[in-house]
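# Structure, please.
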Amino acid sequence: MILHLRALTQSVCLKGLKWMLCLLMSIAIGLSIGCSADIDIKELSDKNLVIRVINIDKQDLDVKQTARLTAELEYSGNDEELQYNWDVDEGKIYNNGQYATYVAPEKAGIYVIEFEVSNGVIMAADAISVKVGDPNATKETDAKPETTPETKASNNSEPNKSEQSVE
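Sure thing, here's the model as predicted:
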């Protein structure tokens, strides 16, 4: 029985030793991968990434109307490293890298369109605003006639002496 217990203890110790050895090797491999990742991070962080301008083909839109967006960039690295993100508070945005299509929302207002680009280490961001109007809304100048001194005089409740008829 003691011999069996000793063999079991040695077996558990060997398994524990194997487990510990596997753990140490995993750590060593992880550190070597981490070191090479640091080199890549350094390489990526040395790159220049600037958004020069965001262009929109129509600054004033009607509700549900679309506009084409283009981001012009300066980047000193490989363009394939870049990740793009377009975002908008109202409406919809369909993006494809440096290009996107904006669909205006159903209500009028001024909305912000945001653009971010990153190579995984450095990031650049910019935003533009777009005005969305309702083509069915009555303009304020159409709804209220312009008041001039002549229209004020003709709108008085007392008739003007020059306008009174003579009998």
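
# make it CA atoms for all contacts and neighbour counts henceforth
Noted.

# ok, residue 124 touching residue 114?
No - assessed by CA atoms under 8 Å, residue 124 is found out of contact with residue 114, at 10.9 Å.

# can you give me the helices for the protein?
Applying DSSP state H to the chain gives helices spanning 2-45, 140-143, 149-155.

# can you give me the mean pLDDT across the shortest one?
When pLDDT is averaged along helix 140-143, the result is 50.

# how many other residues sit next to the residue lying closest to residue 102 once chain neighbours are set aside?
Among residues not flanking residue 102 along the chain, residue 93 sits closest, at 4.6 Å (CA to CA, 6 or more residues apart in numbering). Neighbours of residue 93 under the rule other CA atoms under 10 Å: 20.

# and what of the one 5 residues further on?
For residue 98, the tally of surrounding residues (other CA under 10 Å) stands at 19.

# which residues does it contact?
Contact analysis of residue 98 by CA atoms under 8 Å, 6 or more residues apart in numbering lists 70-72, 84.

# mind showing which ranges of the chain have poor pLDDT?
Applying pLDDT under 70 to the chain flags residues 1-46, 138-167.

# Where do the domain boundaries of it fall?
The chain breaks down into these domains under automatic domain parsing: 1-36, 49-140.

# Correct me if wrong: residue 56 contacts residue 70.
Yes - when contacts are counted by CA under 8 Å, residue 56 is listed as touching residue 70 (6.6 Å).

# Tell me who's in contact with residue 109.
The contact partners of residue 109, by CA under 8 Å, 6+ apart, come to 131-133.

# Next, format these as JSON lines and append distance to residue 120.
Below are the contacts of residue 109 laid out as JSON lines (distance: CA to CA, whole Å):
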{"residue": "131", "distance to residue 120": "32"}
{"residue": "132", "distance to residue 120": "34"}
{"residue": "133", "distance to residue 120": "38"}
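
# and those, which of them are in strands?
Those of these mapping onto strands are 131-133, per DSSP state E.

# what's the distance between the closest residue to residue 131 other than its chain neighbours and residue 128?
Nearest residue to residue 131 in three dimensions, chain neighbours excluded: residue 110, at 4.4 Å (CA to CA, 6+ apart). According to CA to CA, to the nearest Å, residue 110 stands 10 Å off from residue 128.
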